[in-house]
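# coords please:
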Amino acid sequence: MTTFAAERPVGSKTEVYRELALMAEGLFRGERDAVANAANLSALLWLGLADLNWAGFYFLRGAGLVLGPFQGKPACVRIELGRGVCGTAAEQRRTIIVPDVAQFPGHIACDAASRSELVVPLLAAGRLIGVLDLDSPLAGRFDSDDAAGVEALAALWSAASDRV
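Numbers count the residues shown, from 1 in each chain. Sure, this is the predicted structure:
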C-alpha cells in the first residue's frame with residue numbers, strides 16, 4: 001500500500017507531475033478496476049494540485065459522457081458529445097485548455113465558481129473511453145505544462161485499468 005505525505009508535492013510543475021505520476025503508479029499497482037483507479041486518481045489530483053475546485057472523470061456511454069469518480073461539488077451527470085469543454089474534447093479527441101470559461105462558447109457551468117478548465121480525452125487503442133476534467137476558480141490556472149502532466153497521468157490510468 002502506498003502512503004502519501006500530508007502536503008502537496010512541491011517544485012516546478014514538471015517535478016510536481018513527476019511526483020504525482022509516481023504516486024499514481026503506486027496506487028494503480030495490482031489494481032485493474034477502472035472505476036477504483038479513477039477514484040484514486042481524482043483524489044490524488046485534488047490533493048496534489050493547488051487551486052482546483054473540481055477533478056474527475058466522465059466516461060463514454062452511448063453517444064454521450066456520464067459522470068464518473070470525482071472530487072469537488074456535485075456535477076452535471078450527462079454531457080453530450082460536442083457540448084461544453086468536456087464534450088468538445090471528447091468529440092475532437094484532443095486536450096483543451098480554457099483560460100477563461102466565460103469565453104468558451106457553450107460552456108456548461110456545473111460550478112459557477114469555475115473560471116478555467118483543462119480537459120484531457122481518455123483513449124485506449126484509438127478508442128475514446130471518456131475524459132479527465134480539471135476546473136479551477138482562477139482564470140488562466142492551466143497551461144501546457146499542466147496539459148502534459150495530466151495527459152501523462154491519464155495515460156497511466158488507461159494502461160493500468162481494464163476498460164469501463
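# His107 is in contact with Val98, isn't it?
Yes: shown here, His107 and Val98 form a contact pair, counting by CB atoms under 8 Å, at 7.5 Å. In short, each C-beta sits where N, CA and C put it, glycine included.
# The two: which has the busier surroundings?
Between His107 and Val98, Val98 has the larger neighbour count (other CB atoms under 10 Å), namely 24 against 17.
# which residues does the more buried one bridge with?
For Val98, the beta-bridge partners under DSSP bridges are Glu117.
# And stretch 138-155, how far out from the chain middle?
9 Å (CA atoms, centre = their mean, to the nearest Å).
# quick one: low-confidence ranges for the chain?
Per-residue confidence for the chain (pLDDT under 70) gives these ranges: 1-6, 164.
# sorry, back to before: can you pull the residues that touch both of His107 and Val98?
By CB atoms under 8 Å, 6 or more residues apart in numbering, His107 and Val98 have these common neighbours: Val85, Glu117.
# which residues in the chain form helices?
13-28, 34-48, 84-92, 144-160 (DSSP state H).
# contacting residues around Leu45?
Here Leu45 is in contact with Leu20, Leu52, Ala55, Gln71, Leu134, Val150, Leu153 (CB under 8 Å, 6+ apart).
# do that again at 10 Å, thanks
Leu45 sits next to 20, 24, 52, 54-56, 70-71, 132, 134, 149-150, 153 when contact means CB atoms under 10 Å, 6 or more residues apart in numbering.
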